[in-house]
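Visitor: sequence and predicted structure are below.
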Amino acid sequence: MKTILGKKIGMTQIFAESGEVIPVTVIQAGPEVVTQVKTVEKDGYNAVQVGFEDQKPQRVNKPMTGHFAKSGVAPKKYLAEFAVCDGESYEVGQEITVADFEVGTKVDVTGTSKGKGTQGNIKRHGHHRGPMTHGSKHKRLHGALAAGTYPSRVFKGNKSPGRMGRDKVTVQNVVLVKVDTDRNLMLVKGAVPGGKGSLVRVRSAVKGQGK
């Protein structure tokens, strides 16, 4: 399964040959470098560790400096590990670019959604508001949470105000509309999680590839 790290640049639109307007998200993906290969014989499982975006050497601690030196790779800002079927198909120092992905295929994009802070039940869960007139004191508050006599407590999982956003979110079966190998750009149809400049992971779609 092909996987690559990238940064969300923003959204724009392009025109298809038929004249159709396609909303797309621009992702600057890679190039990423393989920093470590893990195998069943040595580590107990098959995986590959990759590094994305160069980092200043003075901002890397001693253990990570040694790790990069052992791999012969320049220090990277982001490290991620992906499970693979056969770790022997990768080698340390190998570069992974957007050229490995084909236009028209479907991908899954994982990112961190925008943080909204503490929000009320209307914005967080889409609840209805109360009456806005005739002296109502129940405009944007949540309704009854539990009966007084029994069970005289609030059940777990009750939808209430609280922290909203900044969660790991994956959108599946996103069509890869265009690939720019010269500028390491990927254009995927529609929106993806996260704000501008946030880190995202793009991989081949787990399901729905042939649909």
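Guide: Structure's in. What do you need? Being a predicted model, the structure only gives us computed values, none of them experimental. Numbering: from 1, shown residues only.

Visitor: C-alpha from now on. contacts and neighbour counts both.
Guide: OK.

Visitor: next helix or strand past the least confident helix or strand in the chain by mean pLDDT?
Guide: One helix or strand of the chain scores below all others by mean pLDDT, DSSP states H and E: helix 40-43, with a mean of 87. Using DSSP states H and E, the helix or strand that follows helix 40-43 towards the C-terminus is strand 47-54.

Visitor: now A47. Nearest residue, chain neighbours left out?
Guide: A83 (4.2 Å; CA to CA, 6 or more residues apart in numbering).

Visitor: residues touching the one you found, list them.
Guide: A83 makes contacts with N46, A47, V48, as judged by CA atoms under 8 Å, 6 or more residues apart in numbering.

Visitor: other residues contacting the least confident helix or strand of the chain?
Guide: N46.

Visitor: likewise for stretch 162-174?
Guide: 106-121, 124, 188-190, 192-193, 205, 207-209.

Visitor: now the residue located most distally from the centre of the chain: how far from K156?
Guide: For the chain, the residue at maximal distance from the C-alpha centroid (CA atoms, centre = their mean) is H134, at 46.6 Å. Using CA to CA, to the nearest Å, one gets 34 Å for the distance from H134 to K156.

Visitor: how distant is stretch 163-175 from the center of its chain?
Guide: 6 Å (CA atoms, centre = their mean, to the nearest Å).

Visitor: follow-up on the earlier one: which helix or which strand is home to the residue farthest from the centre of the chain?
Guide: Counting by DSSP H and E, H134 is found in no helix or strand.

Visitor: so what does it have for phi and psi?
Guide: In terms of degrees, to the nearest 10, the main-chain angles of H134 are phi 60, psi 40.

Visitor: what distance do you get for it to K56?
Guide: Applying CA to CA to H134 and K56 gives a distance of 63 Å.

Visitor: again with T35
Guide: Plainly put, T35 is 17 Å away from K56 if you go by CA to CA.

Visitor: so the two - more neighbours on which side?
Guide: Neighbour totals were compared for T35 and K56, and T35 leads with 28 against 10 (other CA atoms under 10 Å).

Visitor: state the distance from that one to N61.
Guide: 16 Å.
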